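**Q** The following comprises the amino acid sequence and a computationally predicted model.
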Amino acid sequence: MTQELKHKIIPFWLTIAVVAADQISKLIILLTMREGQAIPVIGDFFRIRFVRNPNIIFGFGAELPEILRPVILLIFPVIAIIFLVIFCLRSKELKDVFRFPLAAITGGGMGNLIDRLFRPDGVVDFLDFNFYGIIGWHRFPTFNLADSSITIGVAVIFIISIYHEIKLAREKKKPV
């Protein structure tokens, strides 16, 4: 294995850690709680609440026609995960700073895909926050560590991209 390939594989340790943490946390929920049960952690603001989500991230997609559900919930995530892994391993232009957030997104996708394949009642969700009516929701849709990993990975990529754009714009304005 070349040194370059070893360097590209390192972020995938984060993928493995995300999948492991996600699946272990879901197993703990399955073994210790009954569906619908809620345990307050920080009053009504944050609680652990066991729900199953047969839909897309944060419960979206309930209105999908049954014929499209396998494509959207299984086939598309498999294709996306394969694409991300191949892109991260083969790309010579991809900056290292993007490899870890992409690995986090991959791990989150794999965690939820495992649920979709082996838990026919739906993805196990358990993180439940009260938004007190902010952005029109009383409670934010219940989610899990895989969803968090995907969301954080996307946010980090967005922030890094903005930072790089600002840096490039400043460099263009510097006098020579």
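**A** Cool, the structure landed. Numbering: from 1, shown residues only.
**Q** surely residue 126 meets residue 52?
**A** No: assessed by C-beta atoms under 8 Å, residue 126 is found out of contact with residue 52, at 10.1 Å. Every C-beta, even on glycine, is put in place using the N, C-alpha and C of the backbone.
**Q** So these two - more neighbours on which side?
**A** For residue 126 versus residue 52, neighbours defined as other C-beta atoms under 10 Å are more numerous around residue 126 (22 against 17).
**Q** Could you look up the SS state of the residue minimising distance to the centre of the chain?
**A** In the chain, the centroid-proximal residue (C-alpha atoms, centre = their mean) is residue 150; its distance is 2.1 Å. What DSSP: H, G, I helix; E, B strand; the rest coil gives for residue 150 is helix.
**Q** I'd like to know how far it sits from residue 24.
**A** Applying C-beta to C-beta, to the nearest Å, the value for residue 150 to residue 24 is 18 Å.
**Q** picking up where we left off before, check contacts around the residue nearest to the centre of the chain.
**A** Residue 150 makes contact with 57, 104-105, 108-109 under the criterion C-beta atoms under 8 Å, 6 or more residues apart in numbering.
**Q** Select from those residues the one having the most neighbours.
**A** Of those, residue 108 is surrounded by the most neighbours, 27 neighbours in total, counting by other C-beta under 10 Å.
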